[in-house]
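S.K.: Pasting the sequence and the predicted model now:
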Amino acid sequence: MNGFRIPVGDWATAIVDFITATGGGFFDAVRAIFGGFYDAVDFALATPPFWVVILFFVALSVWARGWVFGSGAAIGLVLIAGLDQWGNAMDTLALTLVAATIAIAISIPIGIWAARSNAASAVIKPVLDFLQTMPAFVYLIPAIILFRIGVVPGIVATIAFSLAPGVRLTELGIRGVDREVIEAGHAFGSSPGRILRQIQLPLAKPTIMAGVNQVIMLSLSMVVISSMVGAGGLGGDIIQALSRIDVGLGAEAGLAVVILAILLDRITASLGSSGPRRWPFRARRPADAAGVASDSPTAEGSDSDRAAEPARV
């Protein structure tokens, strides 16, 4: 086009160079915090014997979804150990949990802010559109410059990649709460903070938890890309299998990723469902076994019996 060119790349380079020069101490602190967080989670998952971790996740699966899913979780985790991918799987799981936790801690407050302010929502939505449409590999370039090679740039890129669904679904859930219920809270003199905590967040919980589920799934999908900057884990074996055209190694590492994805997806999805969960082997109380026994006519007498009783002063 006759030499016409908009130097967006030069501007981006200048911005990153300025940030690197002026915020080196800040990024070193973030690197230390994120790295320490990852090391702690990875130590908790990788240090105990594999069967201890399997028992923990099986118990969590049984509590969340019952014995059938718990049995499937046990089979899947034992299969990961049998494929000799246990260490890599725990590294990947630690990276996923750390990145997803930080992304959730950022996205839910931003979603609440966007739900309570139309002006904030108008500014946040284009930013989320940018984050969701930007290719995931692009996040790695500034992450490497700011945080150097290692697990931390993988965590930062994963946070940026998975942030948007948590914000969007949190805003959607809070805005979807019936306004009559909110007006009733105002009528009883509740403060905006109390309405948020006791009305809006509980009613929006299924939608918010759907956002949490999506954040975790997107975080896990970044494991291969994160391994390109030294994050390791199952993504490292997948990249190695790709470079060597090793079908067997790629199948084993990919199967381990699938098992972790199913496990995390089903557990987080069950946490967003309404109703209390109960241990399958926990004894049911007589009132529970009787169903609505407390509402039956024999429990407190029929309506006609209560109507016939004299009024008590």
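M.R.: Everything's here; your move.
S.K.: and the helix or strand harbouring Q240, how far out from the chain's middle?
M.R.: Element membership for Q240, per DSSP states H and E: helix 234-244. Counting by Cα atoms, centre = their mean, to the nearest Å, helix 234-244 is centred 25 Å from the centre of its parent chain.
S.K.: what about the chain, any weak spots by pLDDT?
M.R.: Applying pLDDT under 70 to the chain picks out residues 1-3, 272-313.
S.K.: What ranges does it have for its strands?
M.R.: Assigned by DSSP state E, the strands in the chain number zero.
S.K.: and the longest helix for it?
M.R.: helix 86-116 (DSSP state H).
S.K.: hmm, back to that, can I get the helix holding Q240 as PDB, trimmed to CA atoms?
M.R.: Output in PDB follows, covering the C-alpha atoms of helix 234-244 (Å, rounded to 0.1, in the frame of the first residue of the first chain):
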ATOM      1  CA  LEU A 234       2.100 -33.200  30.600                       C
ATOM      2  CA  GLY A 235       2.400 -30.500  28.000                       C
ATOM      3  CA  GLY A 236       6.200 -31.100  27.900                       C
ATOM      4  CA  ASP A 237       5.600 -34.700  26.900                       C
ATOM      5  CA  ILE A 238       3.100 -33.700  24.300                       C
ATOM      6  CA  ILE A 239       5.500 -31.200  22.700                       C
ATOM      7  CA  GLN A 240       8.300 -33.800  22.900                       C
ATOM      8  CA  ALA A 241       6.000 -36.400  21.200                       C
ATOM      9  CA  LEU A 242       5.100 -33.800  18.500                       C
ATOM     10  CA  SER A 243       8.800 -33.100  17.800                       C
ATOM     11  CA  ARG A 244       9.700 -36.800  17.600                       C
END
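S.K.: tilt between that helix and helix 86-116?
M.R.: 120 degrees (axes from the mean of the first three to the mean of the last three Cα atoms, to 10 degrees).
S.K.: buried ones in helix 234-244?
M.R.: 234-239, 241 (16 or more other Cβ atoms under 10 Å). Backbone N, C-alpha and C define where each C-beta goes, glycine included.
S.K.: Excluding chain neighbours, give the residue nearest to I259 in space.
M.R.: In this structure, I259 finds its nearest non-sequential neighbour in G76, 4.0 Å apart by Cβ to Cβ, 6 or more residues apart in numbering.
S.K.: Now do the buried residues in stretch 139-148.
M.R.: Under 16+ other Cβ under 10 Å, the buried positions of stretch 139-148 are 139-140, 142-144, 146-147.
S.K.: so which of the buried residues of helix 234-244 comes closest to V58?
M.R.: The closest of the buried residues of helix 234-244 to V58 turns out to be L234 (Cβ to Cβ; 20.6 Å).
S.K.: and R148, what are its phi and psi?
M.R.: Backbone torsions of R148, given as degrees, to the nearest 10, read phi 70, psi 180.
S.K.: residues touching it, list them.
M.R.: With contact set as Cβ atoms under 8 Å, 6 or more residues apart in numbering, R148 has these partners: R31.
S.K.: and what of V78?
M.R.: Contacts of V78 (Cβ under 8 Å, 6+ apart): I54.
S.K.: Could you check how far it is from F50?
M.R.: Look at V78 and F50: by Cβ to Cβ, to the nearest Å, they are 9 Å apart.
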